[in-house]
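Chemist: structure, please.
(one chain, ligands or ions: 2)
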Amino acid sequence: MTIDHAHWAAYLLAGIDERRELQAITKQINALGIDDAYAIQAALLELQLGRGDSLAGAKLGLTSVAKQEQMSVSEPVYGWVPTSTVLGADGVVALNELIHPRCEPELVFVLAESLSGPGVTANDVLDATEKVVGGIEVIDSRYEAFSFTLPDVIADNTSAARVAIGSDGIAPRDADLTTLGCVFDVDGEITGTATGAALLGDPALCVAMLANHLGKHGQKLEPGWIVMAGAATDARPLSAGTVATARYSHLGSVTVTGKG
Ligand code: 0L1
Ligand code: MG
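Modeler: Ligands and ions are numbered 1, 2, ... in the order given. Sure, this is the predicted structure:
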């Protein structure tokens, strides 16, 4: 079966623009494979870039074993970070622009050099990184009830919606990223704690996997880009008045606030 990538990309973009929950693609066609899902994701990005957005970076999702087991997968998913989705330092999230957002802490690599797979290692990632900062990603699946299969969420750019980036960073070898800790606090309640090792053993390895994935498609990670390594704790709903803070060892804190 031939999948019309442009059609499904426009379908997803309408969900983003109109802040409308969509029926999952796999409820409408039963043969959506991973390669077609990434092709829809690429077509969606092309539409966004075609109307003036630019690329601020890339992201991984499903890099914690817990999240992979929930979805019965053994591979992360990869997506893009359009510049229009990067928040200012205040971390205010306008909820009238989103559908049913959730927030999750992220380790973010800021690259000084390009990374081009195949064969990229965790050490190569550290060599190419200017700094590591803390962040909070806001994910907002375009699908009804945040319910999807793996190909659906890949096509939907891995639910990417917004990201707040911390201002305090460290050089990548100034701390052991596997033991770097995060406490995620939502409205005064600690909802999750994790160390970097929760991300497939090493956050730098996750970034290497992304560079190697892109290499298969003739793409690379570019200098100046931000790269989210994935969330180590569960995402939490972001509602009007919700204040979520990720407190990192070595990296300071990042806060997002839901503005109704
Ligand atoms: O950034 C992420 O980890 C999202 C991965 C896709 C699954 C989800 O939307 O929860
Ligand atoms: Mg994420």
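Chemist: near ligand 1, which residues of the stretch 151-260 of the chain show up?
Modeler: Residues of the stretch 151-260 of the chain lying close to ligand 1 by Cβ under 6 Å from any ligand atom are 153, 158-159, 230-231, 235. In this view, the C-beta of every residue, glycine as well, is placed from N, C-alpha and C.
Chemist: which one of these is nearest Gly166?
Modeler: Ala231 (14.9 Å; Cβ to Cβ).
Chemist: about what we covered before: most surrounded residue in the residues of the stretch 151-260 of the chain next to ligand 1?
Modeler: Ala231 (32 neighbours; other Cβ atoms under 10 Å).
Chemist: what are the phi and psi angles of it?
Modeler: Dihedral pair for Ala231: phi -100, psi 140, per degrees, to the nearest 10.
Chemist: next, Thr255: secondary structure please.
Modeler: strand (DSSP: H, G, I helix; E, B strand; the rest coil).
Chemist: for it, list each beta-bridge partner.
Modeler: Thr245 (DSSP bridges).
Chemist: neighbours of it, how many?
Modeler: For Thr255, using other Cβ under 10 Å, the count is 17.
Chemist: Asp140 now?
Modeler: Asp140 has 25 nearby residues by other Cβ under 10 Å.
Chemist: contact partners for the residue lying closest to it once chain neighbours are set aside?
Modeler: In space, and not counting its chain neighbours, Asp140 is closest to Ala161: 3.6 Å by Cβ to Cβ, 6 or more residues apart in numbering. By Cβ atoms under 8 Å, 6 or more residues apart in numbering, Ala161 lies in contact with 85, 98, 101, 137-140.
Chemist: quick check, the residue in the stretch 1-150 of the chain closest to ligand 1?
Modeler: Gly61 (2.7 Å; Cβ to the nearest ligand atom).
Chemist: show me the contacts for that residue.
Modeler: 67, 76-79, 139, 153, 158-159, 230-231.
Chemist: ok, Ala24 next?
Modeler: Ala24 neighbours (Cβ under 8 Å, 6+ apart): 143-144, 147-149, 152.
Chemist: from those, which is closest to ligand 2?
Modeler: Distance ranking of the contacts of Ala24 against ligand 2, using Cβ to the ion, places Phe148 first at 14.5 Å.
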